[in-house]
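Enquirer: pasting the sequence and the predicted model now:
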Amino acid sequence: MKTGSPAMQLQHLLWLGLGLSLATLPHLARIPIWVSIMYVTLVAWRLSGPLLGWPLPNRPRRLLVLAQYTLAIAGLFAVLKTYGTLSGRDAGVALLVLLSGFKFLEARSERDYYIAVCLGFILVVTNFFYTQSIPTALYMALVVLVLTTCFVVMNDRNRGLGLLQRTRLAGVLLLQACPLMLALFILFPRVPGPLWGLPKDAHSGITGIDDAMTPGSISKLLQSDALAFRARFHGRVPEKGRFYWRGPVLTYNDGRQWSRDERLFFAPENKLTNLGEAITYTITLEPTNQRWLFALEMPTGTSDGRLINDYQILRHKRIRDRIRYDQVSWPDYRLNDESPRVLRAALQLPEGYHPRTIELARQWRDEGLGDRQIIDRTMRRFNRENFYYTPKPPLLEGDNIDQFLFETRRGFCEHYASAFVVLMRAAGIPARVVTGYLGATYNPVGDYYNIYQRDAHAWAEVWLQDRGWQRVDPTSAVSPLRVLEGIDRAAPEVGRAFGFEYGNHSLAVVIMRQFIDSWDNLNYQWSQWVLGYGPKRQKELMHYLGFEDIDWTGLTLGLVVAIGAILTVIAAWFFLRRPRDPEPARRLYDRFCRKLEKYGFCRLPFEGPLDFATRVCRRHPRLKHVIMCITDHYIAVRYGSDPGRLEDFRRQVERFDPGSIIKAG
Amino acid sequence: MSQTSEALHPDKTADAIQTVIRRGNEVILGKEQALRLALTCLIARGHLLIEDLPGVGKTTLAHLLARILGLSFQRVQFTSDLLPADILGVSIYNRDDASFNFHPGPIFSQLILADEINRATPRTQSALLEAMEENQVTIEGETRSLPKPFFVIATQNPSHQVGTYPLPESQLDRFLMRIELGYPDKAAERELFMGEDRRSMISAMDAVLSPLQLLSLQKQAESIHVSGALLGYLEDLMAFSRESRLFVHGLSPRAGLAILQAAKAWALLHGRGQVLPEDLQSILPGVVGHRLVDVEDAATTPDRTARLLIENVPIP
């Protein structure tokens, strides 16, 4: 048997390789290809020795070490060159993957092995920088199990356990850690702040509504199945076709693109009159890396953000994590008494652009048309004069408004909204572009609505002297379907997955739909209760448990108490489950052995009483009499049929003092 | 020398055993442990398999035991053309009284030495092994019981030697113990060279025990006390052999009984009234050596196999 040897054996290498590679696997698609290749090469290099029987020096050869160091430094520089930095999410992960490869390559001793396994756990954590979905969590749980099994494998020195038993032991270890993990998860003080934030570059590549709009900026979102946010209504639900989720309001036009006018970011100076009934709902917003929140028109103030004059809701910082907020909206409203500077801004047109459009508006005004008539005329024009609604409009090269209105006549919502607003402004009617989402997909399983990126939309608002701000959706003149039935119906050529054509109610589709809804609901609950468990949720839960206004010191105290309680329960369970040795003779004998232990005689666990006594007596013949006497009693009581000698045995053990006998000699 | 034919008084047991061992040691030099194990095996009513290279004293040991214990002795040299009838016996027609007379084979002696058992065909091997198991033989429809005590000492060459039919595992199990003798040490070998011929020494010896006394020893061994603590230890050992992946199979319940039987006999041999963990450990190489197969090294020695088991199981 090669017991106790500190060197790693092939099975250790294979387990370690498996654990590290499983943790790295999802990264391979994210890191540069050369890092992946290097990692695989390093792992293969290390494994090639023992697997193919290539000689692997037990002590590292100098040349080999030199080659490894050179490679490592080269890798470091390559990462630096690729990312321009060594910190941050992407560069850090690439570096970590390389490091784990090198650690695996040089792993020889037991210590290396443990370090490499710990590196594996860190790799598991880094995966969550990219995705925190349920499949990822399940996969990572598996990886954690494998890595924990690596620990078991190294400590199973006699190879006494089979594959299943090792995995089961690791599983039991992890399950035992679960109560502690839950206590930490629930009670650890959640502080909103950078402590919990992801690395800065973790939010790149988020698609969504932008703070500026150019032709094509919304139609490109049409390709995205990504979730924008979820909404759950408490009571009243808006009617079909009125799911206008208000986002950035774009007032400024530079001739090419629309953007927000930050000079107008002040508290409302107008007057919102609510008619009818309010709608209350809760939104769970996916990270946007932007500052605005989405809400149904027209929103009122919210605790999570600041309402500004054009009824955008702005948060004090960018939304980098999924957030949840309650919102109240009034679908029937009047917005009057606008301040002059806002109206002035809503008439702005860039110098020297859109001459034909301006000419058309002037022509209409010359005909003596009023504001409403101009709006009607425009809508009629969109409706009757060969305008088409298409997600793939032709490219506009010159003056985009003029070209669209008079030549191509094919466009998406942003074309219609911006052309409409320019035409209104040219006619002297204050108008602005509103972007956001239109539509919602109901999930009957979880009773909530999903709003996807492909629901992105742009519409217009015009100011009428008597009515105040009024929503006009020019798209509805071209494609009423878009407003009433949603984007999937209006632009079927985009093609949704699984071919869910409307009207297809075959059993397979219904089952599939049901499955998709259930899975989506599971994700919703996951984001609500696991990922969304932040300071707010924690407070709510504590409130629910009866702890009002608990602060972080209280939470810390609770955490300590909870962990203490859990450990006590576990300890008590272990203590009670394995009843103390019922045999008093055995306990007395252990006491006897402990007394001898102080003088350097340690009874091996498999050493019988007679063997032990003989061994001790050989070293200290002086002790022979008393030790043999005690051993004799022990044998008689425990192995013989003479329990009556127990008391005698107890007295002898109590009196036993090897020190005095040894010293006396 | 107590040459009595009546049952042995318990007080004299230790003396008698000491004498047996002392006399044995005079002939088989430097192999006290093997001798003790062999004696233990006989007292535990088990059959013994001795496996080793030719010429290390297997046959001499068997001879010696038969002589000291005063048993009727037959030796059968197993060869590839040996037939079952050569062991069991045959009926021969007698013209005088016009009937078949049964001529008992060597199996009807108290101790038979089956030399080089793995050279006979499996058919002949199993005739012997059946007799060992049943303590009786059925020949031509008539069941005849074998004498008491009845022992088989089989010797076997290591199976890697050519021209052998190795015993399958199920038949190895019929032997309570398998022991190896090994080469003697230098001093013992020198004494062997200097001393007189072992064969004539044995034939000049007197029996130390009578068969009746041996039977009474067997009875005494059975009544040796086994405590719950010791059974717990045995259970732990068995459980480890089954649960760990060190061995191809675990120990069977029959193997457990064999361990217990042998440990009791060993305790008796050492003058104890109860079985100690040490007794169990001492007989373990003999009892489990042919029952456990090491996963990593099938050709390991019985001692190593036993140590693997012992050192992994703490005494409760």
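Expert: Arrived safely, thanks for sending. Numbers count the residues shown, from 1 in each chain, chains lettered A, B, ... in the order given.
Enquirer: wait, B:Gln77 touches B:Asp115, no?
Expert: Yes: contact criterion C-beta atoms under 8 Å: B:Gln77 and B:Asp115 qualify, at 4.9 Å. C-beta coordinates here come from the backbone N, C-alpha and C atoms, glycine included.
Enquirer: contacting residues for the most centrally placed residue in chain A?
Expert: For chain A, A:Gln132 is the residue whose C-alpha lies nearest the centre (C-alpha atoms, centre = their mean; 2.9 Å). A:Gln132 sits next to A:Leu531 when contact means C-beta atoms under 8 Å, 6 or more residues apart in numbering or on different chains.
Enquirer: circling back: compare B:Gln77 and B:Asp115 (neighbour count), which wins?
Expert: Neighbour totals were compared for B:Gln77 and B:Asp115, and B:Asp115 leads with 20 against 12 (other C-beta atoms under 10 Å in any protein chain shown).
Enquirer: the more buried one and chain A: what is the separation?
Expert: 35 Å (C-beta to the nearest C-beta, to the nearest Å).
Enquirer: isn't that residue right next to B:Thr155, touching?
Expert: Yes: contact criterion C-beta under 8 Å: B:Asp115 and B:Thr155 qualify, at 5.4 Å.
Enquirer: shared neighbours of the two, which are they?
Expert: B:58-59.
Enquirer: show me the domain layout of chain A.
Expert: With domains defined by automatic domain parsing, chain A comprises A:10-155, A:212-499, A:584-664.
Enquirer: and stretch A:655-664, what's buried?
Expert: Residues A:656, A:658, A:661 are the ones in stretch A:655-664 that count as buried (16 or more other C-beta atoms under 10 Å in any protein chain shown).
Enquirer: any idea which of the residues you listed the model trusts least?
Expert: pLDDT across the buried residues of stretch A:655-664 is lowest for A:Ile661, at 76.
Enquirer: residues touching it, list them.
Expert: Applying C-beta under 8 Å, 6+ apart, we find A:Ile661 in contact with A:620, A:622-623, A:626.
Enquirer: how about B:Arg144?
Expert: Residues near B:Arg144 by C-beta under 8 Å, 6+ apart: B:102, B:104, B:108, B:136-138.
Enquirer: the same query, at a cut-off of 10 Å, please.
Expert: Neighbour list for B:Arg144: B:88-89, B:102, B:104, B:107-108, B:131, B:136-138 [criterion: C-beta atoms under 10 Å, 6 or more residues apart in numbering or on different chains].
Enquirer: can I get the buried part of those as one ChimeraX selection?
Expert: The buried residues among these can be selected in ChimeraX (16+ other C-beta under 10 Å) with this line:
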select /B:88,89,107,108,131,137
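Enquirer: now the contacts of B:Arg144 in CSV, with pLDDT, secondary structure and distance to A:Val152?
Expert: Formatted as CSV, these follow (pLDDT from 0 to 100; DSSP: H, G, I helix; E, B strand; the rest coil; distance: C-beta to C-beta, whole Å):
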residue, pLDDT, secondary structure, distance to A:Val152
B:Leu88, 86, helix, 56
B:Gly89, 85, strand, 61
B:Phe102, 84, strand, 65
B:Pro104, 85, strand, 62
B:Ile107, 87, helix, 54
B:Phe108, 88, helix, 58
B:Ala131, 86, helix, 50
B:Gln136, 84, strand, 53
B:Val137, 85, strand, 54
B:Thr138, 82, strand, 55
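Enquirer: for A:Ala458, state which of the contacts of B:Arg144 is nearest.
Expert: Within the contacts of B:Arg144, the smallest distance to A:Ala458 is 101.2 Å, found for B:Ala131 (C-beta to C-beta).
Enquirer: wait, isn't that closest one in contact with B:Pro104?
Expert: No: B:Ala131 is beyond contact range of B:Pro104, at 12.0 Å (criterion: C-beta atoms under 10 Å).
Enquirer: shared neighbours, the two?
Expert: Common contacts of B:Ala131 and B:Pro104 (C-beta under 10 Å, 6+ apart): B:88, B:137, B:144, B:146.
Enquirer: going by distance to A:Thr631, which of these wins?
Expert: Among those, and counting by C-beta to C-beta, the member closest to A:Thr631 is B:Leu146, at 42.8 Å.
Enquirer: where does the residue nearest the centre of chain B fall, phi/psi-wise?
Expert: Nearest to the centroid of the C-alpha atoms of chain B, with distances taken as C-alpha atoms, centre = their mean, sits B:Leu48, at 2.0 Å. With angles defined as degrees, to the nearest 10, B:Leu48 sits at phi -120, psi 140.
Enquirer: burial count for the residue lying closest to A:Thr41 once chain neighbours are set aside?
Expert: The shortest distance from A:Thr41 to any non-neighbouring residue, by C-beta to C-beta, 6 or more residues apart in numbering or on different chains, is to A:Gly101 (7.9 Å). Neighbours of A:Gly101 under the rule other C-beta under 10 Å: 26.
Enquirer: got the domain ranges for chain B?
Expert: Taken from automatic domain parsing, chain B resolves into B:10-216, B:224-312.
Enquirer: now do the strands in chain B.
Expert: B:48-51, B:73-77, B:89-94, B:99-104, B:111-115, B:136-139, B:142-145, B:151-156, B:177-179 (DSSP state E).
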